[in-house]
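J.: build me a model from this:
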Amino acid sequence: MSPVPAPHPSPAANRLRQLLHGISRATSPHVALLVILAVGLLPALALTLVSAEVYESVTDADGIAGLDRPVLETALGLRTPALDSAVTGFTNLAGTIGMPVIAGLVVLVMGLRWRSWTPLILTAAAAAGSLLMTVTGKALIGRTRPDLADAVPPYESSASFPSGHTLNSIVIAGILAYLVILHVHNRWAKASALLAAAVFTFAVGLSRVYLGHHWLTDVLVAWTLGAAWLAVVITAHQLLRRLPEHRAAVQGSPPRRRP
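T.: Residues are numbered from 1 along each chain as shown. Sure, this is the predicted structure:
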């Protein structure tokens with residue numbers, strides 16, 4: 001049986017490739033990456049707007065939001081002083097101080113080890129997009145958090161939708177896992193990075209509900225939005241990596257030593 005020929009790229013794909021080629025040649029591969037991400041942020045923000053409208057309608061209709069109160073009541077029944085302290089310490093890892101510090105250290109090690117700016121640029125762009133989506137969603141909905149009587153201090157006063165901790169954690173942990181997967185060859189290491197990112201993100205979301213800082217639906221939508229933006233960032237990077245003349249520079253792999 002003769003091999004099936006590879007499909008030819010569509011005219012739109014060819015034009016996109018030519019545009020990226022021109023931008024990367026005129027500037028640098030990293031500038032082309034930022035341009036792609038800037039364009040990709042538009043549908044991500046549009047998804048945030050649509051999600052906000054759907055979320056508001058569902059909440060008003062008492063659909064999936066009917067799970068919010070029962071789940072919070074379950075969390076209240078599980079609380080103990082020791083567990084509250086442990087979960088609070090863990091969720092702070094995904095906060096405005098913990099996450100940037102941890103991500104910054106990991107990115108620094110990656111950049112120095114691989115002698116590349118790609119980890120810094122990719123992570124910073126991903127974080128900026130998730131932050132913008134969080135701010136946009138909170139401004140559009142302005143949903144009230146659970147009552148302070150049902151929350152574990154320290155209390156938070158910003159809008160509840162979406163959960164910023166959850167959205168940022170899935171984006172940052174996801175992009176770091178993606179970078180590891182690109183640069184390691186051991187399958188177990190790849191699987192471990194992916195599993196660690198998934199477990200961390202899942203645990204962060206549940207911790208926000210357990211502490212009474214967010215409703216369950218805030219976390220569910222944050223997971224959805226974060227995964228969508230992460231897909232945009234990874235797709236943008238993969239598009240640029242397919243430009244052969246800039247492949248090594250975009251991948252961020254160190255040059256091989258000649259024997």
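
J.: so T96, which state does it fall into?
T.: At T96 the chain is in coil, as set by DSSP: H, G, I helix; E, B strand; the rest coil.

J.: if I look at it, how far off is A128?
T.: 14 Å (CB to CB, to the nearest Å). Where C-beta positions appear, they are placed from N, C-alpha and C, glycine not excepted.

J.: next: L195.
T.: 26 Å.

J.: and if you look at L230?
T.: 13 Å.

J.: swap in G77?
T.: For G77 relative to A128 (CB to CB), the value is 39 Å.

J.: ok, how many other residues are close to L112?
T.: 10 (other CB atoms under 10 Å).

J.: who's in contact with A203?
T.: F90 (CB atoms under 8 Å, 6 or more residues apart in numbering).

J.: which parts of the stretch 1-150 of the chain are helices?
T.: Taking DSSP state H, counting those that start in this stretch as the test, the helices found in the stretch 1-150 of the chain are 11-26, 29-61, 68-78, 81-91, 98-114, 118-141.

J.: can you tell me what sits against the fifth one?
T.: It refers to helix 98-114. Counting by CB under 8 Å, 6+ apart, 92-93, 116-120, 123, 127, 168-169, 172, 176, 179, 183, 252-254 sit against helix 98-114.

J.: V171 contacts A228, correct?
T.: No: using CB atoms under 8 Å, V171 is not in contact with A228, being 9.8 Å away.

J.: which of the three states applies to L239?
T.: helix.

J.: hmm, back to that, of the contacts of helix 98-114, keep whichever come out buried.
T.: 93, 116, 118-120, 123, 127, 168-169, 172, 176, 179, 183, 252 (16 or more other CB atoms under 10 Å).

J.: I'd like those as CSV, with distance to L47 and pLDDT appended.
T.: Output for the buried ones among the contacts of helix 98-114, formatted as CSV (distance: CB to CB, whole Å; pLDDT from 0 to 100):
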residue, distance to L47, pLDDT
L93, 27, 87
S116, 30, 85
T118, 26, 85
P119, 26, 92
L120, 26, 90
T123, 21, 93
A127, 18, 91
N168, 16, 94
S169, 18, 95
I172, 19, 95
L176, 23, 96
L179, 24, 95
H183, 29, 90
G252, 28, 44
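
J.: re earlier: who's more crowded, L230 and A128?
T.: L230 (25 against 13).

J.: give me the buried positions along the strand or helix carrying that one.
T.: Counting by DSSP states H and E, the element that carries L230 is helix 216-241. Of all the residues in helix 216-241, those buried under the rule 16+ other CB under 10 Å are 216-223, 225-226, 228-230, 232-234, 236-237, 239-241.

J.: rewinding a little: any chance of the buried ones among the contacts of helix 98-114 in JSON lines, with distance to R143 too?
T.: Output for the buried ones among the contacts of helix 98-114, formatted as JSON lines (distance: CB to CB, whole Å):
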{"residue": "L93", "distance to R143": "24"}
{"residue": "S116", "distance to R143": "40"}
{"residue": "T118", "distance to R143": "37"}
{"residue": "P119", "distance to R143": "35"}
{"residue": "L120", "distance to R143": "34"}
{"residue": "T123", "distance to R143": "29"}
{"residue": "A127", "distance to R143": "23"}
{"residue": "N168", "distance to R143": "18"}
{"residue": "S169", "distance to R143": "20"}
{"residue": "I172", "distance to R143": "24"}
{"residue": "L176", "distance to R143": "29"}
{"residue": "L179", "distance to R143": "34"}
{"residue": "H183", "distance to R143": "40"}
{"residue": "G252", "distance to R143": "39"}
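
J.: between those residues, which is closest to L206?
T.: S169 (11.3 Å; CB to CB).

J.: please tell me how far the closest one sits from G226.
T.: 8 Å.

J.: and L47, by the same measure?
T.: 11 Å.

J.: likewise for V101?
T.: 20 Å.

J.: neighbours of the closest residue to L216 other than its chain neighbours, just the number please.
T.: Of all residues not flanking L216 in the chain, V71 sits nearest, at 4.6 Å (CB to CB, 6 or more residues apart in numbering). By the criterion of other CB under 10 Å, V71 has 16 neighbours.
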